[in-house]
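>>> Please work out how this folds:
(one chain, ligands or ions: 1)
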Amino acid sequence: MPAFIQIRNLNKYFGDLHVLKDVNLEVQEGEKVVILGPSGSGKSTLIRCVDFLEEPSSGEVVIDGTTLTRKNHLEMARKYSSMVFQQFNLYPNMTVLGNLTIAPIKLQHKSKEEANANAMAALRRVGLAQKADEYPQNLSGGQQQRVAIARAMCTKQPIILFDEPTSALDPEMVQEVLDVMVELAHENITMLCVTHEMGFAREVADRIVFMDDGRIIETGTPEHFFTHPDNPRVQAFLDKIIH
Ligand SMILES: Nc1ncnc2c1ncn2[C@@H]1O[C@H](COP(=O)(O)OP(=O)(O)OP(=O)(O)O)[C@@H](O)[C@H]1O
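Residues are numbered from 1 along each chain as shown. So this is what the prediction gives:
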């Protein structure tokens, strides 16, 4: 059975800058993959290609047997994947409830009642049901990111992509967002997560993928990765981060 997500010979250039270099990765349905690596190694670009927010220069991303193309990517994203960004990307002029219901109503053609019920259920799960009628600017960064995660839950796609979801947060708010992500990880959702949170990676990842200079140079379980990585560059990265 082919993997749920297949990234095949992916290359991405920004002008002359070769950012992804023949990347291959297969992710099974329900798998939680954490992508680590030094700054500028191409992690965000890789994950953005999975949503076609970046178009590959060559190679392909195949989801559930269908290759993403210019033509089908919006429909594919609607069906399969939602992204949680570093900068929450909430609509400032809409209430929290509005932010959570707009895509289900407008794009997925859900009734307002169903969208509201799903939104309230998601807000309860992230502990923010009492904030449904607030505007994003009245929430803390951690709360805004929890709303963004609830928004991703509402659309019920089977894949969730996290692009450094805690990097823009004050330190005291990081844990509250990680707690929500850990809870989400208990579900049969397929998760690809770019993060610098090693504790989260250890706790949640089925597999860690390490990128360096546009290539995947090591993959393995957290146990393998944190205790005896094969590549000395991974060890150097860990030494720098952990000590
Ligand atoms: N839209 C863009 N235009 C030009 N260059 C870009 C663009 N997006 C990313 N880059 C460059 O591509 C390289 C990889 O960036 P990317 O954000 O994928 O790395 P990263 O591993 O996620 O880094 P970080 O951990 O710092 O977020 C960097 O050199 C970056 O400056």
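>>> Put the alpha carbons of stretch 48-62 into CSV.
What follows is stretch 48-62, C-alpha atoms only, in CSV (Å, rounded to 0.1, in the frame of the first residue of the first chain):
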residue,chain,number,x,y,z
ARG,A,48,4.9,24.4,2.6
CYS,A,49,5.3,22.2,-0.5
VAL,A,50,3.0,19.6,1.1
ASP,A,51,0.3,22.2,1.1
PHE,A,52,1.5,23.6,-2.3
LEU,A,53,2.0,27.0,-0.6
GLU,A,54,5.3,26.6,-2.4
GLU,A,55,5.3,25.0,-5.8
PRO,A,56,8.0,22.5,-6.2
SER,A,57,10.6,23.3,-8.9
SER,A,58,10.7,19.6,-9.8
GLY,A,59,9.6,16.4,-8.2
GLU,A,60,6.2,15.9,-6.7
VAL,A,61,4.1,15.6,-3.6
VAL,A,62,1.5,12.8,-3.8
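>>> now that stretch: how far from the chain's centre is it?
Distance, stretch centre to chain centre, for stretch 48-62: 15 Å (Cα atoms, centre = their mean, to the nearest Å).
>>> Next: stretch 180-194.
Its chain's C-alpha centre and that of stretch 180-194 lie 9 Å apart, by Cα atoms, centre = their mean.
>>> And for stretch 85-98?
The chain centre lies 17 Å from the centre of stretch 85-98; the measure is Cα atoms, centre = their mean.
>>> so how far is the first residue of that stretch from its last?
Start to finish, the residues bounding stretch 85-98 are 18 Å apart (Cα to Cα, to the nearest Å).
>>> buried ones in that stretch?
Of all the residues in stretch 85-98, those buried under the rule 16 or more other Cβ atoms under 10 Å are 85-86, 88, 90, 95-98. Placement of C-beta: from N, CA and C, glycine included.
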